[in-house]
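Chemist: Predicted coordinates and the sequence they were generated for:
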Amino acid sequence: MVDADAMVTVDIIDPEGREIAKASTCVTVEALGKATAKASVKISSPLIWDIDSPNLYKARTRVEYCAQIIDEQYDNFGYRTIEFTPNDGFYLNGRRVNINGVCGHEDFSLTGKAVPDNVMRHKVRLLRDM
């Protein structure tokens, strides 16, 4: 077994599906080992994630070895600022937001713990309507 050099590439994709940034780095992985690759990109004027406008970006990460993609992963993320203050509570993007909650556990009895996405969407809609 030998060490391997892999190329790690991260593409940032905006909410409209356009690639807006890219970063690549090479990393050496020891045989049967792990490695951490670090890369950074700068996004100017990103769309902000907020409660009523959940702008999500995607990071597409690819690992290549010998010019072949051997792994690919997509991760969603959003740009926002958060702050907790002892006197005023929670701030999202500089705006005070009340955090409300419910004791909502196993509300849909026949689904068990593996709740389908459409059931969770329905539950979130009911909570937002409250």
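Modeler: Great, that's in hand.

Chemist: Helices along this structure, start to end?
Modeler: 117-129 (DSSP state H).

Chemist: low-scoring pLDDT stretches of it, where are they?
Modeler: Applying pLDDT under 70 to the chain flags the ranges 104-112.

Chemist: quick one: the strands in it?
Modeler: 4-13, 19-29, 57-65, 68-77, 82-85, 89-92, 95-96 (DSSP state E).

Chemist: need the ones you listed in JSON lines with mean neighbour count and distance to L126, can you?
Modeler: Quick note: C-beta positions are derived from backbone N, CA and C, even for glycine. Formatted as JSON lines, the strands of the chain follow (neighbours: other Cβ atoms under 10 Å; distance: least, Cβ to Cβ, whole Å):
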{"stretch": "strand 4-13", "mean neighbour count": "17", "distance to L126": "31"}
{"stretch": "strand 19-29", "mean neighbour count": "13", "distance to L126": "35"}
{"stretch": "strand 57-65", "mean neighbour count": "16", "distance to L126": "28"}
{"stretch": "strand 68-77", "mean neighbour count": "10", "distance to L126": "24"}
{"stretch": "strand 82-85", "mean neighbour count": "10", "distance to L126": "25"}
{"stretch": "strand 89-92", "mean neighbour count": "14", "distance to L126": "22"}
{"stretch": "strand 95-96", "mean neighbour count": "10", "distance to L126": "24"}
